[in-house]
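Enquirer: model this:
(2 chains)
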Amino acid sequence: MSFPLLTAVAALPAIGAVATAAVPAARRTAAKWLALAVSLATLVLAAVVAFRFDPGGDRYQLTESHAWIADFGVRYELGVDGIGVALIALTALLVPFVVLAGWHDADPLEGRTPDRRWRPTQGFFALILAVEAMVIISFAATDVFLFYVFFEAMLIPMYFLIGGFGDRAGARDEDEAAKQRSYAAVKFLLYNLAGGLIMLAAVIGLYAVTADQLGEGTFSLQAIVEARQSGELAMAQNTERLLFLGFFLAFAVKAPLWPLHTWLPNAMGESTAPVAVLITAVVDKVGTFAMLRFCLGLFPEASAWATPVVLVLALVSIIYGALLAIGQRDIKRLIAYASISHFGFIILGIFAMTSQGQGGATLYMVNHGISTAALMLVAGFLISRRGSRLIADYGGVQKVAPVLAGTFLIGGLATLSLPGLAPFVSEFLVLVGTFTRYPAAGIVATFGIVLAALYVLVLYQRTMTGPVRPEVERMPDLRKRELAVVAPLIVLLVFLGVFPKPLTDIVNPAVEHTLSDVQKTDPDPEVEAAK
Amino acid sequence: METLIGLLVAAPLLGAAVLLCGGRRLDRTGHWIGTALAAASFVLGAVLFADMLGREAEDRTLSQHVFSWIPVGGFQADVAFRLDQLSMTFVLLITGVGTLIHVYSIGYMEHDERRRRFFGYLNLFLAAMLLLVLADNYLLLYAGWEGVGLASYLLIGFWQHKPSAATAAKKAFIVNRVGDIGLSIAIMIMFTTFGTFAFSPVLESVGETSEGTATAIGLMLLLAACGKSAQVPLQSWLGDAMEGPTPVSALIHAATMVTAGVYLIVRSGAIFDAAPAAQTAVVTVGAVTLLFGAIVGCAKDDIKKALAGSTMSQIGYMVLAAGLGPIGYAFAIMHLVTHGFFKAGLFLGAGSVMHGMNDEVDMRRYGGLRKYMPITFATFGLGYLAIIGFPGLSGFFSKDKIIEAAFAKGGTEGWILGGAALLGAAITAFYMTRVMLMTFFGEERWRNAPTPSPKEPSVEPAAETRGEYEVPHPHESPRSMTIPMIVLAFGSVFAGGLFSWGEAFVHWLEPVVPFEHGHPPVSALTVTSATVVALLIGVGAAWLQYGRKPVPAVAPRGSLLTRAARRDLLQDDFNHVVLVKPGEYLTRGLVYLDHKVVDGAVNGTAAAVGGLSGRSRRIQNGYARSYAVSMFGGAAILVAATLLMRAV
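Expert: So this is what the prediction gives:
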């Protein structure tokens, strides 16, 4: 038996989380370094996964399979296709930056004597690593039940990260801030729990169906997909649709899709910037990833049935999210609504059922992760300097902190999908992939690019340009640690914008498999062009 | 030779990267690095040009495949270049005029502490524009297209501490993005129809698709062109773009950016030839814009804004010509090149005037400057003669051909278009003579402190209105600024004649840009005479108003049309009422709705699903545990229901 690489990628941060939590209260800094080292080691392992993965090989690779709860056919089954590899790489890549950016976010407040027993700093970094471990398992799980367990379990560390370590910028009144924070955390938990429980019902329903028809119940994704394709497992139309809805609803809350999005602005607004990145760039991706892997793979006919409605909801998300972003007064909430718009693009691409749409959607997940991380983390640095999240409290920052302003602008330009930066590639692929099958939807989505320019440039104009406000006059420019967070992200944005081929090479075959699951092929061009 | 093409783009791109990432240590040398790399690109272009001339006319297209950019299924986007006669023309214009503007900026921006960054942006602008004209497919062109948008955003807003500059930059980018929707959709239609968006296959097989598809692509390309080339209805950003430093205006108006739309239409000629309805739309936009810009140009007291109106109008001529099909394509490009010379010269001249006049832009505060700035006067004067189409100078040849081609369109349409073009020529002569007279002739109005306008203040930025007035000491600009102006003046004088010698320019482009002789309903001589008469009428009218009578230092109230034209024919008021205000209400309303309705409804539903209906007000009390328990209850019911359903 070969080395269980996928288990190792997930286990490393999990062990790291425990170790970090166990660091004594007085050794806060050691905990930080430990967390950083673990996240970097995880990145190395993830890189090994990416290199070991052969795009031309089997659909699922690096597979592991062990019996877990034999009575219910639950197995510990892992395996990755190109989409999983890309997202594991994204997760492993972002966490070190999240750790580094949040270096001081969980330091004890000045003027308060730190409690000997209570170790918030250790807890903060341990929770981040715990989330990383669970997200990685979710991306690798090919057993529906295994996936479900971690899909739900990651809510717990996220709940504490949101509720326990709020953004101190809003803390004009500590009690009020704590109240807002706990409201956001509870809302996050309730929304996701509700979605998850509906999914649980569907998971059990799926088991019942397989038990009924195959004689023996199973949660194995591959086994179910094969049985469906061979005709052994035939679901009644209504059953399939209900099960699909159960899964889809959970993923749509997580993604989040309009109108289930309202928890996101609260959660991203109240948490610290690195945690906000963890939410939108990493955890939410499990939702869109799962749509692609589970909804389409398990329920191809129901997916086709739901497509028109999902496309409309995705379009509403794109336009609605962007319009709401334009109307925001709070920097972090603005970025949250921009993300809602971007998740609309991802879901649009998935349900366009073309290779460009789904390939674009997968790239979009990766690129949105990097670009939002860049924008949100710089926004966090900005907010920590001035102690306010309100756009109106800034002005003229460009003059006093040109590097901060410059990196903020690049993050913004990535968010509005400027060609040359990575998000353009994915956004255009989604648009084209949608247009070839649903021209009207493609055109409506295209309007999103103007709205994106509006919310990004208005944000930049109000915060960075104009006369220098007295409150920002002494604002220091980016520090070394902060530059070390932002610069690599920007390099990646440029690299993947100019040369995305390494990524598309990995993703393309996986998308072809998914399309064959739903029995769709790309529409042929009307005219065979002279080559 | 092919491998050199990529270097054309790479040189200024490298400059941008080095200058923008290099930090303070490059502050002393940055402008030289930037200028050297722009010049290197020009030299490369010249080498390639010489090589191109050495080959047969049919064998002049070079292509270079650099790498595969976005390969996903049938969607194959490459980074690949195509250098043919059309792109060569643009390469020489962009790098040539661009390099001159770099040289000029060394002097012009000497006292700006952020000069290094300015040169970085200029380099970026050149690189993006070169990418645009060298791309061999529409998607790579799109990358250059948006790159130009970015560079213009950075340069228009270069003086970011001025709120007006920051607003103007944002406006330019966003209006351009509206146009970009067009290019984006055009590419999507191309991919859906042809399975590719590379120039050759699309343009060669456009005849096999329906006219409806060709028209749709054409109209979308036109929308894109309207954005970048500031054509009605997406013209509103151009006037505000004058907030950038003057060399930027020269760059945007002459060598880069606004010419991109004309390039796009001419490059896509085969699509428009297959779509007569789209062509009609193109000529309409061109004709409307050429009059619109000219009227606005007449009313502006700000020298740069007057020139901006003129650019809009001249690009209108080019778009008009490009919409005429093979009888006009070549002339659109020819006018584009000659315009590149004289408009760059005029803007640099305007910058030189401002340089000597404490950055004053109000022409009512100028007057009699020819004595103090002889070189600026001479070069600006030659540019002036060229733009109004004085016989023998560059603008005469290129504009006259467009007017002829407009008449040659035939039928009523031909008469309307030709008439509009002639009328435009008269107005051009009027407003340019006005600029000339107000700046270089007449009383020296700058000697006295300005009196604030009694009733209606001019919408132009008011002259120094606060307290003490410092009398400017007009002087000639340093040599780094005058030499580029002199070079451009040569182009303004001779380029047109050279290009028309034995139809040299038309024949040069012919292998890639199809050409047909137009046949105007009246003889060419008649058209030319009419053009000259129009010119004389325009000059005469301007002289009567601004030459014979003293120019008031404060703008008179003016007629309704004048006042409307000062406000750019109410374009911003229109956009404000139709787009901005409703947009604000919409977003504000949605913010409220999202908070009150969507959030509330979902919370309520969640509570109901969780078995909390009737007690849903408790959603606010924050007991996570009790919710979780209730929800587990709800979920259990769901599970039971699912199992039950299976049993049924």
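
Enquirer: Any stretches of the stretch 401-550 of chain B with poor pLDDT?
Expert: For the stretch 401-550 of chain B, applying pLDDT under 70 flags the ranges B:450-469.

Enquirer: please redo it, this time with the cut-off set to 50
Expert: B:453-464, B:466 (pLDDT under 50).

Enquirer: do chain A as well
Expert: Within chain A, no range satisfies pLDDT under 50.

Enquirer: remind me, longest strand of it?
Expert: Looking across chain A with DSSP state E, the single longest strand is strand A:61-69.

Enquirer: for it, the distance to its chain's centre please.
Expert: Relative to the centre of its chain, strand A:61-69 is centred 25 Å away, using C-alpha atoms, centre = their mean, to the nearest Å.

Enquirer: helix/strand/coil for the closest residue to chain A within the stretch 451-600 of chain B?
Expert: Closest approach between the stretch 451-600 of chain B and chain A, counting by C-beta to the nearest C-beta: B:Thr587, at 3.6 Å. Using the backbone N, CA and C atoms, a C-beta is placed for each residue, glycine as well. Classification of B:Thr587 by DSSP: H, G, I helix; E, B strand; the rest coil places it in helix.

Enquirer: And for the spatially closest residue to it that is not a sequence neighbour, the neighbour number?
Expert: Of all residues not flanking B:Thr587 in the chain, A:Gly327 sits nearest, at 3.6 Å (C-beta to C-beta, 6 or more residues apart in numbering or on different chains). Other residues lying near A:Gly327 total 20 when counted by other C-beta atoms under 10 Å in any protein chain shown.

Enquirer: what residues are up against A:Gly327?
Expert: Residues in contact with A:Gly327 (C-beta atoms under 8 Å, 6 or more residues apart in numbering or on different chains) are B:587-588, B:590-591.

Enquirer: Next, work out how far apart it and B:Ala230 are.
Expert: A:Gly327 sits at a distance of 29 Å from B:Ala230 (criterion: C-beta to C-beta, to the nearest Å).

Enquirer: okay, now the closest residue to chain B within the stretch 101-250 of chain A: neighbour count?
Expert: Per C-beta to the nearest C-beta, A:Leu197 is where the stretch 101-250 of chain A lies closest to chain B, at 3.5 Å. Using other C-beta under 10 Å, A:Leu197 has 24 neighbouring residues.

Enquirer: any idea which element it lies in?
Expert: In the assignment (DSSP states H and E), A:Leu197 maps to helix A:174-214.

Enquirer: which residues touch the residue positioned nearest the centre of chain B?
Expert: Most central in chain B under C-alpha atoms, centre = their mean is B:Val258, positioned 2.5 Å from the mean C-alpha point. By C-beta under 8 Å, 6+ apart, the contact list for B:Val258 reads B:228-230, B:238, B:252, B:311, B:315.

Enquirer: quick one: the helices in the stretch 401-550 of chain B?
Expert: Counting by DSSP state H, counting those that start in this stretch, the stretch 401-550 of chain B has helices at residues B:411-440, B:479-500, B:504-509, B:524-542.

Enquirer: Now do the buried residues in the first one.
Expert: So the one you mean is helix B:411-440. B:414, B:417-418, B:420-440 (16 or more other C-beta atoms under 10 Å in any protein chain shown).

Enquirer: do the same with the third one
Expert: Along helix B:504-509, the positions that meet the burial threshold by neighbour count (16+ other C-beta under 10 Å) are B:505-506, B:508-509.

Enquirer: related to what we said a few turns ago, tilt between the next helix or strand after the longest strand of chain A and helix A:174-214?
Expert: Sequence order places strand A:74-80 as the next helix or strand after strand A:61-69, per DSSP H and E. Taking axes from the mean of the first three to the mean of the last three C-alpha atoms, to 10 degrees, one finds strand A:74-80 and helix A:174-214 inclined to each other by 100 degrees.

Enquirer: now for whichever helix or strand comes after strand A:74-80, which elements pack on it?
Expert: Using DSSP H and E, the next helix or strand after strand A:74-80 towards the C-terminus is helix A:82-101. If you count contacts as 3 or more C-beta pairs under 8 Å, 6 or more residues apart in numbering or on different chains; DSSP states H and E, helix A:82-101 packs onto helix A:5-22, helix A:28-52, helix A:120-140, helix A:273-277, helix A:284-290, helix A:355-386, helix A:480-498, helix A:501-517.

Enquirer: Can you name the residues that contact B:Ala10?
Expert: Residues in contact with B:Ala10 (C-beta under 8 Å, 6+ apart) are B:Ala127.

Enquirer: ok but it is inside a helix, no?
Expert: Yes. Under three-state DSSP, B:Ala10 sits within a helix.

Enquirer: quick one: it from B:Gln64, how far?
Expert: B:Ala10 is 12 Å from B:Gln64, by C-beta to C-beta.

Enquirer: now do A:Leu334
Expert: 42 Å.

Enquirer: In terms of neighbours, single out the busier of these two.
Expert: Comparing A:Leu334 with B:Gln64 by other C-beta under 10 Å, the one with more neighbours is A:Leu334, at 26 against 18.

Enquirer: sec struct for the closest residue in space to that one that isn't next to it in sequence, please.
Expert: Closest residue to A:Leu334 apart from its sequence neighbours, by C-beta to C-beta, 6+ apart: A:Gln328 at 4.0 Å. Using three-state DSSP, the structure places A:Gln328 in coil.

Enquirer: Doesn't B:Trp69 lie inside a helix?
Expert: No. Assessed with three-state DSSP, B:Trp69 is strand; it does not lie in a helix.

Enquirer: check contacts around it.
Expert: B:Trp69 neighbours (C-beta under 8 Å, 6+ apart): A:498-501, B:77-79, B:139-140.

Enquirer: Just the pLDDT at it, thanks.
Expert: Model confidence at B:Trp69, given as pLDDT, is 93.

Enquirer: Quick check: ChimeraX command selecting the buried ones in the contacts of B:Trp69.
Expert: Command for ChimeraX that selects the buried part of the contacts of B:Trp69, burial taken from 16+ other C-beta under 10 Å:
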select /A:498,499,500,501 /B:77,78,79,139,140
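
Enquirer: Would you format the contacts of B:Trp69 as a markdown table with distance to B:Gly497 included?
Expert: Listed next are the contacts of B:Trp69 as a markdown table, based on distance: C-beta to C-beta, whole Å:
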| residue | distance to B:Gly497 |
| --- | --- |
| A:Val498 | 44 |
| A:Phe499 | 47 |
| A:Pro500 | 49 |
| A:Lys501 | 50 |
| B:Ala77 | 42 |
| B:Asp78 | 40 |
| B:Val79 | 39 |
| B:Leu139 | 39 |
| B:Leu140 | 36 |
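
Enquirer: Let me know the closest of the contacts of B:Trp69 to B:Val202.
Expert: Lowest distance from B:Val202 to the contacts of B:Trp69 (C-beta to C-beta) belongs to B:Leu139, with 11.4 Å.

Enquirer: Surely that closest one and B:Ile187 touch.
Expert: Yes. Assessed by C-beta atoms under 8 Å, B:Leu139 is found in contact with B:Ile187 at 6.0 Å.

Enquirer: ok, now which ones touch residue 68?
Expert: No chain specified, so I'll use chain A. A:74-76, A:143, A:146.

Enquirer: try again with chain B
Expert: Taking C-beta under 8 Å, 6+ apart, we find B:Ser68 in contact with A:501, B:76-79.

Enquirer: number of nearby residues for B:Ala254?
Expert: Look at B:Ala254: counted by other C-beta under 10 Å, it has 30 neighbours.

Enquirer: And for the one 3 residues further on?
Expert: Under the neighbour criterion other C-beta under 10 Å, B:Met257 is assigned a count of 28.

Enquirer: And it, how close does it get to B:Ser164?
Expert: As judged by C-beta to C-beta, B:Met257 and B:Ser164 stand 20 Å apart.
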